[in-house]
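> one predicted model, sequence on top.
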Amino acid sequence: MDSPAIFPFDFEATSVDTDTAKIIQVYIEAPNEKTFGAFVNPGMEISNDITKLTGITNDDVAGAESFAKVAQEMVNFIERNKGDCSEVILAGYNARDYDIPLLTTELLRLGDECRLTNTDFGEKVLDVYHLVQNNNVWNDAGATAPADKDLKSVYRALYGSEAKNPHTARGDVIAMKAIIAKLDADHSIALENYTYPISYENVELDTLPPDERKIAKVAQIRAHWFAARNPIYKDKALCEEIIDSFKNRLKSQDEFEDVTANHWFCHEISDSVQAMYPNTTRRGSQVYLHIVACTAKHGVAINSSSDRSGIQTASHICHNDRCIKPGHLCWETMVDNLDRIGCYGYSKHGDKIGKSDLCQHSPRCLTIWPVKGWL
């Protein structure tokens, strides 16, 4: 199997909130050492705080291209410079938790203006921030790990000097490359242990480590929220019709592999090969059936808020992402949706099932925790 093409990259943006921030600078390097960098016009004012941090001013971006155009240029750059490698991996610092969600949100926000998805940039992201948490790589390098693992502190600990041009996209890429040169020069440790999917669409959450599970859930909810702007979700009657069309394709109770799904009579599509969040096509566009089901049951709740606290998501109270039963879904904020992860609404002792005081959600989670003492 050929080695992947690794592209170090970095974004600078208008804030640290990946749901509302706009990208203002990009920089990426190819394995052949060719580079691409650009300012991006965010279509909004850059705050004084961000200018102080990055040195990027409103004048710098005033004549720059939109992210829709810069994103396409980045993808073209990657395609031209990946060589014969079949796999492209982006490498960043805290990229799994910041740069990739930021990229994803920007692309989703653009909608029809930009037909790219995050996987057009690569299949995986290598995160050097997670590499530097590993004490063994510091011991092998004969260096002492700093208490703070931000880019500047790690660079200083390894080189005894300050990184140049911090909080600029190019400066941060250069510093990150210097860090990985000291701690994992051949990328072998990072590739094996600290490389993550760029897209978590259709990834089973239960297969992921706990720290990655929430990142994946946020990514999935974010994608579904933007998808929910589809006008179909604003037509309750049509949503009722769509869900009704699947009533003869539901699994029978003896087909369920999951005991909890069986107990709560979840509705799963028997002939679906989709791992999770089943979808279909209506009026030429993809629609997620759990959002359709939620609209059919509870009415339209989609809004265009860019404030995370105002985002309404279709939440599975049964915790079964394959379920399209309207009564197992509710509208709630992204924060409340995420808070259900790992919650048990009921306890089981033998054949008896009763409410657990562990669950404080409304409506209560339809999940079962097998315990000896139950309420």
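Here it is on my side, so go on. Numbers count the residues shown, from 1 in each chain.
> max-length strand in the protein?
When the chain is parsed with DSSP state E, its longest strand is strand 5-13.
> quick check, central residue of the protein?
The chain has residue 219 as the residue nearest its centroid, 2.6 Å off, counting by C-alpha atoms, centre = their mean.
> rewinding a little: how far does the longest strand of the chain sit from the chain's center?
Centroid displacement of strand 5-13 relative to its chain, using C-alpha atoms, centre = their mean, to the nearest Å, is 17 Å.
> just give the closest residue to residue 242, not the sequence neighbours.
residue 292 (5.1 Å; C-beta to C-beta, 6 or more residues apart in numbering). (C-beta placed from N, C-alpha, C; glycine too.)
> which is the next helix or strand following the helix or strand hosting the one you found?
Secondary structure assignment for residue 292, by DSSP states H and E: helix 289-298. Helices and strands here follow DSSP H and E; after helix 289-298, the next one along the chain is strand 312-316.
> would you mark the buried spots in that next one?
Applying a neighbour-count criterion of 16 or more other C-beta atoms under 10 Å, one finds 312, 313, 314, 315, 316 buried in strand 312-316.
> can you check stretch 161-171 too?
Burial within stretch 161-171, assessed by neighbour count using 16+ other C-beta under 10 Å, is assigned to 163, 166, 167, 168, 169, 170, 171.
> list the contacts of the closest residue to the last one other than its chain neighbours.
Nearest non-adjacent residue to residue 171, counting by C-beta to C-beta, 6+ apart: residue 165, 3.0 Å away. Residue 165 makes contact with 55, 171, 174 under the criterion C-beta atoms under 8 Å, 6 or more residues apart in numbering.
> take these and keep only those in helices.
The members of those that map onto helices under DSSP state H are 171, 174.
> which one among the contacts of residue 165 gets closest to residue 15?
Nearest to residue 15 among those: residue 55, at 16.2 Å, using C-beta to C-beta.
> pretty sure the closest one contacts residue 166?
No: if you go by C-beta atoms under 8 Å, residue 55 and residue 166 don't touch, sitting 9.4 Å apart.
> sorry, back to before: now do the residue nearest to residue 242 against residue 347, distance only.
According to C-beta to C-beta, to the nearest Å, residue 292 stands 32 Å off from residue 347.
> these two: who's more crowded?
residue 292 (31 against 21; other C-beta atoms under 10 Å).
> for residue 239, see how far away that one is.
Separation of residue 292 from residue 239 (C-beta to C-beta): 5 Å.
> who touches both of these two?
With contacts taken as C-beta under 8 Å, 6+ apart, residue 292 and residue 239 have 232, 233 as neighbours in common.
> check which helices and strands the lengthiest helix in the chain sits against.
Ranked by residue count and defined by DSSP H, the top helix of the chain is helix 210-227. Helices and strands touching helix 210-227, by 3 or more C-beta pairs under 8 Å, 6 or more residues apart in numbering; DSSP states H and E, are helix 100-110, strand 285-288, helix 289-298, strand 312-316, helix 334-339.
> now what about the longest one, what contacts it?
Right, the one you point to is helix 100-110. Helix 100-110 is contacted by residues 11, 13, 18-19, 21-23, 67-68, 71, 90, 92, 114, 116-118, 121, 125, 198-199, 215, 218-219, 222-223, 226 when judged by C-beta under 8 Å, 6+ apart.
> show the buried residues in those residues.
When the contacts of helix 100-110 are checked for burial by 16+ other C-beta under 10 Å, the buried set is 11, 13, 18-19, 21-23, 67-68, 71, 90, 92, 114, 116, 118, 121, 125, 198-199, 215, 218-219, 222-223, 226.
> residue ranges of the strands in the protein, please?
Taking DSSP E to define them, one finds strands in the chain at 5-13, 23-29, 35-39, 88-92, 124-127, 195-197, 279-282, 285-288, 312-316, 329-333, 346-349, 352-355, 368-370.
> in a markdown table: the ones you listed, plus mean pLDDT and distance to residue 77.
Listed next are these as a markdown table, based on pLDDT from 0 to 100; distance: least, C-beta to C-beta, whole Å:
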| stretch | mean pLDDT | distance to residue 77 |
| --- | --- | --- |
| strand 5-13 | 98 | 9 |
| strand 23-29 | 98 | 7 |
| strand 35-39 | 98 | 4 |
| strand 88-92 | 97 | 11 |
| strand 124-127 | 97 | 17 |
| strand 195-197 | 94 | 21 |
| strand 279-282 | 84 | 32 |
| strand 285-288 | 79 | 28 |
| strand 312-316 | 89 | 34 |
| strand 329-333 | 92 | 38 |
| strand 346-349 | 83 | 53 |
| strand 352-355 | 86 | 56 |
| strand 368-370 | 85 | 50 |
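> circling back: mind putting the buried residues of stretch 161-171 in TSV, pLDDT included?
Shown next, in TSV, are these (pLDDT from 0 to 100):
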residue	pLDDT
163	95
166	92
167	94
168	96
169	97
170	97
171	97
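> low-confidence stretches in the stretch 1-150 of the chain?
1, 111-112 (pLDDT under 70).
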